[in-house]
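Asks: Make a model of this:
(2 chains)
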Amino acid sequence: MLIYRPGDFFFQKIHPVALTFYIFALFLIFIISNHPILLSFTVFITLLSAISVGGSEDVKNGMGFILRMTLFFMLINCLTNKSGRTVIWRGPTIPIFGRLQISFETLIYALVMGIRLSGVYILFIFYNKAMSPDAALSYVALLFPKSALLVSMTTKTIPYLAQLSERVGQVMYVMGLDIKDGSYKDRVKERMPILKVLFMSSIEDSFSIAESIQARGYGSEKRSHYFIHRWNIRDLIVMFSSIAGILGFIVLCKAGGVFYIFYPRLDGLTESIENMEIFIGVMVLLSIPALMGWGWRHWRYLKYKI
Amino acid sequence: MEIFKIQDLTYYYPESEIAALKEISLSIEEGELIFLTGYSGCGKSSLLKAMAGLLPDFYGGKIGGIIEYKGKDLRRWDKRKLPREIGIVFQDPEQQTCMTVVEHEVAFGLENLGIPLDEMRHRVVEVLTMLNLTHLKDRSIFELSNGQKQRVILASILAMHPKVLILDEPTSQLDPIAADEILDYIYRLNRDWGTTIILSEQRIERCFDMADRVLIMDKGNIIFNGTPHEATLSSNDTEPLESFFPPISKIFRAVGLNSIPINVKEGRKAIKNLSDGQRNISIPLGRSKIEAKNDILVEGRRVRYVYPDQFFSIDNMDFTFYGGEVAAIFGENGAGKSTLLKLISGILKPQKGHIRVKGDVGYISQNPNDYLFSNTVYEQLLFALELKGMKDTGQIDEILKKLHIYRYRDVNPRDLSGGEKQRVAIATVIVSDPSVILMDEPTRGMDSLAKNELSSIISSLIEEGKAIVLVTHDIEFAAELSQRVLIMSRGNLVAEGDMHSMIGSSFYYSTQTAKLFRNIDSRVVTIKEGIYVLNKLVDRRHEQ
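Replies: Sure thing, here's the model as predicted:
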């Protein structure tokens, strides 16, 4: 479940500001770049980071969804996109979509979009597992006191809904609702009553939570802060590598190297990269925190040193 | 010193024409422990929220009259300073937590008040120690039991050092052990710290005697304001009052004695004076054991289920449940009671052993909201019928009438009160006519009126030959209804027997009546039986 559980994890021990920069750097790449090598590598280091905070089960559970979405992208792309030149199959002409055709380029494009989606999904798991919502609230409240609580409550909603969903699902199962068998469409349809209960209960509960928050004086005075995070060497390394990674990525954006050309024919994988050194540098810089996370769990000496 | 002075307080919720509070006048002294009780919907929560300064600011609506706190109109108090003065704890701990880690939750209120870091640390450590939470301080809130969560909320409020602590049914979602812990802390706060406590609760037998003053509300009015002993001596024609007395007081009042005890200690003393050591009074037992072999509706043999990340949840357990009986299951949290219900209902499959169920199973969970999503009560029941592949041939209206909710047939079930929602949830389950009905803590948060209604519903289901399996911590309720009691511990059935022998002989799973009459007859467990025995004792006393 996507719940922050305090434990002896590297990314839970580093300064929230440093962690925010690291997450932002990864997010930036997933959102802006469409280069298969950069995206694949960033997915890999995000995966490594998520596993190092105990997120492997959540990643495994979500892969079915990612796979289905990738297949969906492929289908939609093949139906709507006729830009690819390397045609693998031509089908009949159908209204609205015209003549069906599957090209190698459209398939690869959809595949890369699937990689991007999986990256965002794994990053989301990583964020939930690594970032303490309490620490996040404390720091965001410094900048945006009125929005901070909203952000924190939104994060907390995920585990709350997961627990509620399990409970309501069990009740509905005994009543005869079958959410495990049947086609995908049937299962989605069968889940509608559960979703309705979740929606109604969460609205009702949110009112009670707001009441409790007001009773405890939120927003009444300038807040003080219970969280005092000292900067350690590990925080500085993560911070430095993330900021340097972001700067390198910005340079690549301007000089070329983060955008890949799919149509009409696939570009060479390294041809569009103008500054190979910076390209490699970004990847190396962003892998440092992930490797430190791995080392924290498996290399006692490194843990002692950082 | 008078800390609260309320004069002619009247309040209407937005878009409501019925007053939630009607011209209430009240005075509360500093350091008092006030026990506020009344049926659900009588205005208790509204009064408490008004005293905490949440009404009408948070809810809107119309308010009249005045609430003075420390001699100053509450509405003129600086809202930023009020949380330092008045703390409020609500019913459901799930709906009060704002943070994810225990220590941070406790510090949340202090951060909001801008308390300096050093003082925050001091206060946090102090309340964590006081409420025995130090070992949980780094744990995630999501991993705690409801009792632990409520203690964390209480710690969070206490860390703010309020002068007045308002508690709106703080134990309604808790099991008796956790509830007792919370109530003990509250009592200590009042006695040791001098904190003024205003406590609303449904666990009357536990709170009645610890209060300095009892307030009983009905339909927005305070109908009694006095000491616990004064309440029990009030005249018999004030019927609504009687429901809010502890079982011991009810027994002594029913017999018509002049001196009415309010706790077991006083009751024992009174009985000792009456009985002079007589121990040979036995009671006629109305309910007998289920013996008919052909009535078996659920049978489990060597059932085993282990959760992936836990120890044994159910370990080689044998069990049998019969038609026409209510079997109550007691046990501490984590004993495996809910897992057993999930196994019988098919939510979980046994990893070893087998379970045979004759007919269909219905499951009534703790929270009626888990069932309700349709636009009307009728559609809700129709949905349940259709899930079982059945059509409405008039049984929906029949069930609604039987459960006295026919008038809500076309009303959205989410708009009903807690007790009414519970009845809709029960109707949703029984409309498809299951032979076995599993109930998980059905009385949680219910007042005595709602419990009586549920009791009569269950009685009518037994008459139809259904098997009722009741997982509950409400021993008083179970004693009134069940024929058989099963006690579970660590995934095993550790004791089983007829209700009278099990509850009568138990130290912990026992009613107040059983504790009172233990030395006379250990099978006396219900109020009715208590009245019978006390009458006998009084008669013998008169004969002598």
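
Asks: Now do the strands in chain A.
Replies: Here chain A has its strands, by DSSP state E, at A:87-94, A:98-103.

Asks: Just send those strands back as a markdown table, with mean pLDDT, mean neighbour count and distance to chain B too.
Replies: Where you see a C-beta, it was placed from the backbone N, CA and C, and this is true even at glycine. Supplementary listing: the strands of chain A in a markdown table, determined by pLDDT from 0 to 100; neighbours: other CB atoms under 10 Å in any protein chain shown; distance: least, CB to the nearest CB, whole Å:
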| stretch | mean pLDDT | mean neighbour count | distance to chain B |
| --- | --- | --- | --- |
| strand A:87-94 | 83 | 10 | 37 |
| strand A:98-103 | 83 | 16 | 40 |
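
Asks: wait, isn't residue B:370 in contact with residue A:169?
Replies: No: the pair residue B:370 and residue A:169 fails to qualify as a contact (CB atoms under 8 Å) at a distance of 9.5 Å.

Asks: still on that earlier bit, which one, of the strands of chain A, ends up nearest to residue B:43?
Replies: For these, proximity to residue B:43 was assessed by CB to CB; strand A:87-94 is nearest, at 66.2 Å.

Asks: So what are the sheet partners of that closest one and their directions?
Replies: In the sheet, strand A:87-94 lines up against strand A:98-103 (antiparallel) (DSSP bridges).

Asks: can you list the residues that contact the least confident helix or strand in chain B by mean pLDDT?
Replies: The element with the least model confidence among the helices and strands of chain B, by mean pLDDT, DSSP states H and E, is helix B:239-242, at a mean of 74. The set of residues that contact helix B:239-242 without belonging to it, under CB atoms under 8 Å, 6 or more residues apart in numbering or on different chains, is B:39, B:216, B:218, B:223, B:224, B:231, B:234, B:236, B:250, B:253.

Asks: how about those residues in a markdown table, adding distance to chain A, secondary structure and pLDDT?
Replies: Putting the contacts of helix B:239-242 into a markdown table (distance: CB to the nearest CB, whole Å; DSSP: H, G, I helix; E, B strand; the rest coil; pLDDT from 0 to 100) gives the following:
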| residue | distance to chain A | secondary structure | pLDDT |
| --- | --- | --- | --- |
| B:39 | 21 | coil | 85 |
| B:216 | 25 | strand | 93 |
| B:218 | 25 | strand | 90 |
| B:223 | 27 | strand | 92 |
| B:224 | 28 | strand | 92 |
| B:231 | 30 | helix | 90 |
| B:234 | 34 | coil | 79 |
| B:236 | 39 | coil | 56 |
| B:250 | 33 | helix | 92 |
| B:253 | 37 | helix | 91 |
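
Asks: Pull out the buried members of these.
Replies: Burial by neighbour count, judged by 16 or more other CB atoms under 10 Å in any protein chain shown, picks out B:39, B:216, B:218, B:223, B:224, B:231, B:234, B:250, B:253 from these.

Asks: For residue A:287, state which of those residues is nearest.
Replies: Looking across the buried ones among the contacts of helix B:239-242 and measuring by CB to CB, the closest to residue A:287 is residue B:39, at 64.4 Å.

Asks: quick one: low-confidence parts of the stretch 1-150 of chain A?
Replies: Across the stretch 1-150 of chain A, the stretches falling below the confidence threshold (pLDDT under 70) are A:1, A:146, A:148-149.

Asks: Which positions in it make contact with chain B?
Replies: Applying CB under 8 Å from any CB of the partner chain, we find that the stretch 1-150 of chain A lies next to chain B at A:3, A:4, A:5, A:6, A:132, A:133, A:134, A:137, A:138, A:149.

Asks: before we move on, what about the stretch 201-306 of chain A?
Replies: Residues of the stretch 201-306 of chain A found near chain B (CB under 8 Å from any CB) are A:201, A:204-205, A:208-209, A:211-228.

Asks: what do you get if the cut-off is 10 Å, keeping everything else the same?
Replies: Residues of the stretch 201-306 of chain A found near chain B, taking CB under 10 Å from any CB of the partner chain as the criterion, are A:201, A:203-228.

Asks: Confirm that residue B:487 sits in a helix.
Replies: No: assessed by DSSP: H, G, I helix; E, B strand; the rest coil, residue B:487 does not belong to a helix; its assignment is strand.

Asks: beta partners for it?
Replies: In this structure, residue B:487 has the following beta-bridge partners (DSSP bridges): residue B:330, residue B:495.

Asks: Nearest spatial neighbour of residue B:504, chain-adjacent residues omitted?
Replies: In space, not counting the residues next to it along the chain, residue B:504 is nearest to residue B:522; the distance is 4.1 Å by CB to CB, 6 or more residues apart in numbering or on different chains.

Asks: In which helix or strand does the one you found reside?
Replies: Following DSSP states H and E, one finds residue B:522 outside all helices and strands.

Asks: could you say what helices and strands the longest helix anywhere in chain A packs with?
Replies: Counting residues, the longest helix found in chain A (DSSP state H) is helix A:145-175. Of the remaining helices and strands, those touching helix A:145-175 by 3 or more CB pairs under 10 Å, 6 or more residues apart in numbering or on different chains; DSSP states H and E are helix A:104-130, helix A:133-143, helix A:192-215, helix B:337-345, strand B:361-364, helix B:377-387, helix B:418-430.
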